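Asks: pasting a predicted model and its sequence here:
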Amino acid sequence: METVKLSRAERLDKIFGTPVFAVLLAIFCNVLWGSAFPFIKLGYRLFAIDSSSTASIFCFAGVRFMLGSFLVLLGSVLLQSRLPKFPRGKVAAECCALGLWQTTTQYAFYYIAVAMLTGAFGGILNSTQSFLGVIFAHFIYGNADRMTPAKTLGCAVGFAGVLIGTLGNHGSGSGWGVFCMMAATIIFTLSGPWNKSVTKKADSFAVCFINLFVGGLALFVLGTVLGGSLHVQSALAVVVMLYLAFICGAGYVLWALLMKNNPVSRIAIFGFVNPVVNVLLSAVLNGEPLFRWQYLAALVFVCVGIWLVNKAPAKKDGK
């Protein structure tokens, strides 16, 4: 009888807080995000966007996130049988601020980096979010999500892999691209606890919608003001844009629910899936080299680092 009384939102929280289900969804999210980098590069070609045209890049990103925001609304209808209840006042303002930080600022750096780096190298750099999430969680949550010797060793091995990936300067020679990717990664990591906090104050779907729509609108307006534009070259361009919208819409909804109902380190460490998928799809879609020893060695180190972090003893907080 007690289960029947739970609302659909409460049942969702209970499901997303189940460790096995949380792990599977965290992996699925990272598979989606791992495919984003190569598909974005493919989208640049299909929309005839030059890597130096930052304004058009911002327009491309803005359209993607605004489309993704409406998929979030669809997800709310499918999963909750209703549109999300939107927050008001200070909570609404905080959601908008989160969107400007997590979507606008993070992806302004990220999309610039995509244009300047190879998919494999960019994915390896982006994998640092897996370890930064664990490290930051220790300082933010203290004993509730503390570092352990296994986590420390895992982070060290993972970062060693990232360093190996930089040997020979295989990131297309762009120091600015490396800076932008690291800035985006740090912003993403710092956004996690904030997102977790906001989703406790408002409907997760509403938070995701505002995050994506406000952040995407800001990117599109900025790109338009700077003189950017989009030119659809083929039907495939539309398909790629819709897939990218699905990635951010589905990924943000799932990730927000995971962040709300789990310790950050439980799900952040599965970012190892992201660079693996990234490297494979970059080779398939964009013709990038797959068997380059720096990338392969880096992937091994990153995956071992993730495994070491994940094998850390479970916390005693009941989660």
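Replies: The structure has been received and is ready for your questions. Residues are numbered from 1 along each chain as shown.
Asks: G119 and S282 touch, don't they?
Replies: Yes - between G119 and S282 there is a contact under Cβ atoms under 8 Å: 2.9 Å. Every residue, glycine included, has its C-beta placed from N, CA and C.
Asks: so what's in contact with the two at the same time?
Replies: Common contacts of G119 and S282, defined by Cβ atoms under 8 Å, 6 or more residues apart in numbering, comprise 37-38, 41, 288.
Asks: filter the residues you listed down to the ones in helices?
Replies: Filtering the shared contacts of G119 and S282 for membership in helices, criterion DSSP state H, returns 37-38, 41.
Asks: make CSV out of the residues you listed and add neighbour count and distance to F70.
Replies: Supplementary listing: these in CSV, determined by neighbours: other Cβ atoms under 10 Å; distance: Cβ to Cβ, whole Å:
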residue, neighbour count, distance to F70
F37, 29, 23
P38, 26, 24
K41, 23, 24
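Asks: for those, which one is nearest G123?
Replies: For these, the residue nearest G123 by Cβ to Cβ is F37; the value is 5.7 Å.
Asks: if I pick that closest one, what's in contact with it?
Replies: 114, 119, 122-123, 126, 278, 281-282.
Asks: repeat for A26
Replies: Applying Cβ under 8 Å, 6+ apart, the residues contacting A26 are 258, 266-267, 270.
Asks: so which strand or helix has L67?
Replies: Here L67 sits within helix 54-80, counting by DSSP states H and E.
Asks: actually, R266.
Replies: Element membership of R266 [criterion: DSSP H and E] is helix 264-268.
Asks: look up the closest residue to the residue nearest the centre of the chain, ignoring the ones flanking it.
Replies: In the chain, the residue lying closest to the centroid (Cα atoms, centre = their mean) is W33, at 5.9 Å. Leaving aside its sequence neighbours, W33 sits nearest to N274 (Cβ to Cβ, 6 or more residues apart in numbering; 5.4 Å).
Asks: give me phi/psi at the one you found?
Replies: N274 has phi and psi values of phi -60, psi -60 when expressed as degrees, to the nearest 10.
Asks: any idea how far it is from S35?
Replies: Distance, N274 to S35, by Cβ to Cβ, to the nearest Å: 9 Å.
Asks: who has more neighbours out of those two?
Replies: Higher neighbour count among N274 and S35: N274, with 26 against 20, using other Cβ atoms under 10 Å.
Asks: residue contacts, that one?
Replies: Shown in contact with N274 (Cβ under 8 Å, 6+ apart): 30-31, 33-34, 123, 126-127, 130.
Asks: any idea which of the contacts of A26 is least confident?
Replies: The pLDDT minimum for those sits at R266, where the score is 70.
Asks: what separation do you get for the residue lying closest to S234 once chain neighbours are set aside and R82?
Replies: Among residues not flanking S234 along the chain, L46 sits closest, at 6.3 Å (Cβ to Cβ, 6+ apart). Separation of L46 from R82 (Cβ to Cβ): 36 Å.
Asks: more neighbours: which of the two?
Replies: A direct count of neighbours by other Cβ under 10 Å for L46 and R82 places L46 higher, at 20 against 12.
Asks: L219: what's it in contact with?
Replies: The contact partners of L219, taken as Cβ under 8 Å, 6+ apart, are 58-59, 61-62, 65, 103-104, 107-108.
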